[in-house]
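[1] Model the structure of this input:
(one chain, ligands or ions: 2)
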Amino acid sequence: MPYKDLRDFIGQVDELKALRRIEGADPRFEIGGITEVAAGQPDCPALLFDNIKGFARGFRVFTNATVSPQRAALALGLDPSLRPLDALKAWMEKRQTLRMIPPVEAKNAAFLENSTRGDQVDLAKFPAPYWHKQDGGPYIGSGSIVIMRDPESGWINASIYRVQVHTKNKVTVQFDHAGRHGAIIARKYWDAGKPCPIAVVNGEDPALFIAGFEYLPAGASEYDFAGAIKGVPIAVHPGPVTGLPIPAQAEIILEGELLPADKETLPEGPFGEFTGYYASDKRPCPVMAVTAAHHRNDPILLGSPPMKPPRFHFGLPFRAAGIWSNLETAGVTDVVGVWQHVAQLMTVVALKQRYDGHAKRAALIAAANSYMGRLVVVVDDDVDPSDINDVMWAITTRCEPAENVDIIRNAWSSALDPRIPPDAKERGVTSHSKLIIEAVKPFGWIGKFPPSSALSQDEARTIAEKWNSALKGATS
Ligand SMILES: Cc1cc2nc3c(=O)[nH]c(=O)nc-3n(C[C@H](O)[C@H](O)[C@H](O)COP(=O)(O)O)c2cc1C
Ligand SMILES: [Mn+2]
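    Numbers count the residues shown, from 1 in each chain. Ligands and ions are numbered 1, 2, ... in the order given. The predicted structure follows:
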């Protein structure tokens with residue numbers, strides 16, 4: 001078992017010497033600013049903020065949890081010393097054979113150590129940060145999961161939607177589009193004239209944080225997927241107000257009702273987004289009336305603010321692993337790697353070409369599954385897709401633009417896309433075009449393509465290992 005809960009994970013991060021404790025930061029822009037600066041450093045540390053300005057000591061915020069490849073691997077239960085592309089491959093292979101493990105009910109819940117109901121609920125006691133300078137308010141939920149139960153099948157959905165605090169007992173829950181499982185479930189309650197029972201779980205197990213980001217089929221529970229990642233079930237306890245299953249070890253829980261959006265909304269945002277812009281502006285958003293708040297002693301909020309790329313919530317591009325397995329499932333052979341750069345806005349597939357059209361076949365599947373990604377690149381197997389310089393070398397030397405690029409129109413993007421014109425957005429346009437770049441040696445004359453003068457990746461590694469101390473100037 002990799003780790004028991006968020007606290008245990010933080011302990012493991014500390015053992016890897018990747019944890020920094022920060023005292024006295026201001027939740028208005030300073031926690032967000034420090035998080036962003038740290039995330040831009042080569043070995044981005046994880047940050048545990050305590051003694052937060054204006055809040056009780058012990059009420060903590062933890063950020064950059066999985067921003068480094070090492071900690072993304074740790075959260076998946078993989079060897080954190082694996083090289084990033086090897087770690088992603090190991091995850092892709094594990095993901096393809098995951099056996100779902102449903103949660104088990106725990107008798108006791110750590111989150112019930114402190115509990116308030118009704119009028120006593122006061123969200124102002126939790127250090128919800130103002131993450132970026134022009135954010136519309138504090139966000140308690142930036143990396144939190146939202147729990148809802150499908151009224152027909154009983155399926156529990158548990159994924160990440162941002163949660164803004166508006167008053168002492170009102171928050172908003174923002175669905176990027178109407179296809180989000182949470183939006184579909186809420187709509188069913190509302191259409192029956194009822195509010196939707198809901199719980200916001202802050203400070204969840206990192207496996208749940210990862211599961212909450214995955215595109216799972218409707219009907220599949222993120223709880224089962226998180227159990228599968230860990231190899232042990234998530235322990236849940238019924239929320240005293242909603243009866244929803246809540247991770248027993250989670251830190252701060254809000255229970256309540258998501259009110260019908262046709263009756264009441266609040267203006268949500270703006271909120272700095274993962275593209276590095278404020279592109280979706282302030283919008284009417286469903287309101288959660290918080291009827292109970294629970295927390296562990298000295299609770300920890302797991303904060304994961306979006307930041308300007310290349311910074312991203314996950315140091316391994318998990319959605320590239322999904323695309324990699326889509327390619328395998330569709331029967332595309334010889335894929336040696338898939339990666340995403342620019343915080344998932346660019347997808348790269350590396351493969352060993354076997355037949356004419358092989359590269360384009362892979363590109364089309366990757367393009368179809370690249371959310372908001374305008375750039376899809378295919379490279380040969382001697383190019384490391386996780387190395388942006390290597391990818392640019394392939395683009396500038398193997399792709400003839402007049403012959404090897406295609407544009408796919410009306411493809412999958414979202415309201416968060418900064419390049420959709422305002423008037424089109426007002427008409428509900430959320431699609432964009434995608435550029436496919438075939439940066440592979442042209443198959444028709446692949447044997448005549450000038451050979452590369454560079455060492456192979458294996459050769460370079462062997463030499464680096466053998467001559468490491470000489471290169472570093474060691475004296476021994
Ligand atoms: C840190 C983080 C924040 C996110 N915020 C939102 C959000 O505010 N709204 C949203 O619709 N999706 C958001 N997402 C993406 C969804 O969590 C993700 O697409 C998920 O697969 C949706 O789950 P569902 O299929 O159960 O609806 C966020 C993802 C992460 C990692
Ligand atoms: Mn889901």
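
[2] closest point of this structure to ligand 2, which residue?
    Nearest residue of the chain to ligand 2: H181, at 3.7 Å (C-beta to the ion). C-beta coordinates here come from the backbone N, C-alpha and C atoms, glycine included.

[3] List the contacts of that residue.
    Counting by C-beta atoms under 8 Å, 6 or more residues apart in numbering, H181 makes contact with M148, N157, S159, A218.

[4] Spatially nearest residue to the residue of the stretch 251-400 of the chain found nearest ligand 1, not counting backbone neighbours?
    Nearest residue of the stretch 251-400 of the chain to ligand 1, counting by C-beta to the nearest ligand atom: S304, 4.1 Å away. Distances taken as C-beta to C-beta, 6 or more residues apart in numbering place G143 nearest to S304, at 3.0 Å, with adjacent residues excluded.

[5] give me the element that neighbour is part of.
    Assessed by DSSP states H and E, G143 sits outside every helix and strand.

[6] Next up, the contacts around it.
    By C-beta under 8 Å, 6+ apart, G143 lies in contact with A65, I160, F209, L302, G303, S304, H313.

[7] What is the burial count for C399?
    Look at C399: counted by other C-beta atoms under 10 Å, it has 20 neighbours.

[8] pLDDT wise, what is it at?
    What the model reports for C399 is a pLDDT of 98.

[9] With A178 instead?
    87.

[10] Which stretches in the stretch 1-150 of the chain count as helices?
    6-15, 30-39, 69-75, 84-96 (DSSP state H, counting those that start in this stretch).

[11] and those as a markdown table, adding mean neighbour count?
    Formatted as a markdown table, these follow (neighbours: other C-beta atoms under 10 Å):
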| stretch | mean neighbour count |
| --- | --- |
| helix 6-15 | 18 |
| helix 30-39 | 20 |
| helix 69-75 | 24 |
| helix 84-96 | 19 |
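
[12] Tabulate those helices in CSV, adding columns for mean pLDDT and distance to G227.
    Output for these, formatted as CSV (pLDDT from 0 to 100; distance: least, C-beta to C-beta, whole Å):
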stretch, mean pLDDT, distance to G227
helix 6-15, 98, 16
helix 30-39, 98, 29
helix 69-75, 97, 14
helix 84-96, 96, 14
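
[13] Now render those as CSV, adding distance to ligand 1.
    Shown next, in CSV, are those (distance: least, C-beta to the nearest ligand atom, whole Å):
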stretch, distance to ligand 1
helix 6-15, 15
helix 30-39, 12
helix 69-75, 12
helix 84-96, 14
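
[14] ok, which of the contacts of H181 also contact ligand 2?
    Filtering the contacts of H181 for proximity to ligand 2 by C-beta under 5 Å from the ion leaves N157, S159.

[15] Please identify which of the contacts of H181 is nearest to P102.
    Of all these, N157 has the smallest distance to P102: 14.0 Å, by C-beta to C-beta.

[16] Number of residues surrounding that closest one?
    Number of residues near N157 (other C-beta under 10 Å) recorded here: 23.

[17] Tell me the spacing between it and L351.
    From N157 across to L351, the span is 35 Å (C-beta to C-beta, to the nearest Å).

[18] how far does stretch 336-356 sit from the chain's center?
    Distance of stretch 336-356 from its chain centroid, counting by C-alpha atoms, centre = their mean, to the nearest Å, is 19 Å.

[19] my bad, stretch 138-148
    Here stretch 138-148 shows a centroid-to-chain-centroid distance of 13 Å under the convention C-alpha atoms, centre = their mean.

[20] what about that stretch, how long is it end to end?
    With C-alpha to C-alpha, to the nearest Å as the measure, stretch 138-148 spans 23 Å from end to end.

[21] what residue ranges in the stretch 1-150 of the chain are flagged as low confidence?
    Scanning the stretch 1-150 of the chain for pLDDT under 70 picks out the ranges 1.

[22] any chance you could read off phi and psi for the residue in it that ligand 1 sits nearest to?
    At 4.7 Å from ligand 1, G143 is the closest residue in the stretch 1-150 of the chain, using C-beta to the nearest ligand atom. Here is the backbone geometry of G143 (degrees, to the nearest 10): phi -130, psi 30.

[23] any chance you could map the strands in the stretch 101-250 of the chain?
    Using DSSP state E, counting those that start in this stretch, the strands of the stretch 101-250 of the chain run over residues 104-105, 114-117, 139-141, 145-149, 156-160, 162-167, 170-174, 196-202, 235-238, 245-247.
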